[in-house]
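1. have a look; sequence and predicted model below, questions after that.
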Amino acid sequence: MKKIRLFSIILLTGYFLFSGCSKDKDDTGQVVFWNDVTSELGYVVVVMEDATSGNITFDYESAPECNDATGCFIYSNSPGTYSYTASEADGDGDGNPDHTWEGTVTITSNGCTSVRLTAN
């Protein structure tokens, strides 16, 4: 009888140790940086606080989805608030970006946050 109890205790202990919630759950979210067609912006480079960068090369009429945003910069990371800077290429030839932006964006678990960069 003692052997059965001991075996049951070991079995239950193992079950509870190895069947808990996984700590490896992927809760990564995304943010999509985009321009709209009315902004008349050119080539835009976005740089995140961790030095990840991307380009915006296409304009949209409305906010694109993260999974279908050709020509936009899509940044993925764990939930949190991240800072970014962005600049438009020098289109007028004065040696400086035509427009610059800086700000923060909050990424939510499994979410898609939209950031529209505009000249207005």
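-> Cool, the structure landed.

2. burial count for the nearest residue to residue 70 once chain neighbours are set aside?
-> For residue 70, ignoring the flanking residues on the chain, the nearest one in space by Cβ to Cβ, 6 or more residues apart in numbering is residue 58 at 6.1 Å. Quick note: C-beta positions are derived from backbone N, CA and C, even for glycine. Residues near residue 58, counting by other Cβ atoms under 10 Å, number 13.

3. what's near enough to touch residue 58?
-> If you count contacts by Cβ atoms under 8 Å, 6 or more residues apart in numbering, residue 58 has them with 35, 70-72.

4. show me the two of the residues you listed that sit farthest apart.
-> Spanning the widest gap among the contacts of residue 58 are 35 and 70, at 12.8 Å by Cβ to Cβ.

5. looking at these two, which one has more neighbours?
-> Ranked by neighbour count (other Cβ under 10 Å), residue 35 and residue 70 place residue 35 first, with 23 against 9.

6. secondary structure element for that one, which one?
-> Per DSSP states H and E, residue 35 falls inside strand 29-36.

7. show me what that strand is packed against.
-> Strand 29-36 is packed against strand 44-48, strand 53-56, strand 59-60, strand 73-77, strand 80-88, strand 100-107, strand 112-116, with contacts defined by 3 or more Cβ pairs under 8 Å, 6 or more residues apart in numbering; DSSP states H and E.

8. what's the longest one packed up against?
-> I take that to be strand 80-88. Using 3+ Cβ pairs under 8 Å, 6+ apart: strand 80-88 touches strand 29-36, strand 44-48, strand 100-107.

9. tilt between that strand and strand 29-36?
-> If you take axes from the mean of the first three to the mean of the last three Cα atoms, to 10 degrees, strand 80-88 sits at 30 degrees to strand 29-36.

10. what of the first one?
-> Angle between the axes of strand 44-48 and strand 29-36 is 160 degrees (criterion: the same axes, to 10 degrees).

11. sheet-wise, list the partners of strand 44-48 with their directions.
-> Strand 44-48 has its sheet partners listed here by DSSP bridges as strand 53-56 (antiparallel), strand 80-88 (antiparallel).

12. so can I have JSON lines of these showing mean neighbour count and mean pLDDT?
-> Below are the strands paired with strand 44-48 laid out as JSON lines (neighbours: other Cβ atoms under 10 Å; pLDDT from 0 to 100):
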{"stretch": "strand 53-56", "mean neighbour count": "17", "mean pLDDT": "96"}
{"stretch": "strand 80-88", "mean neighbour count": "16", "mean pLDDT": "96"}
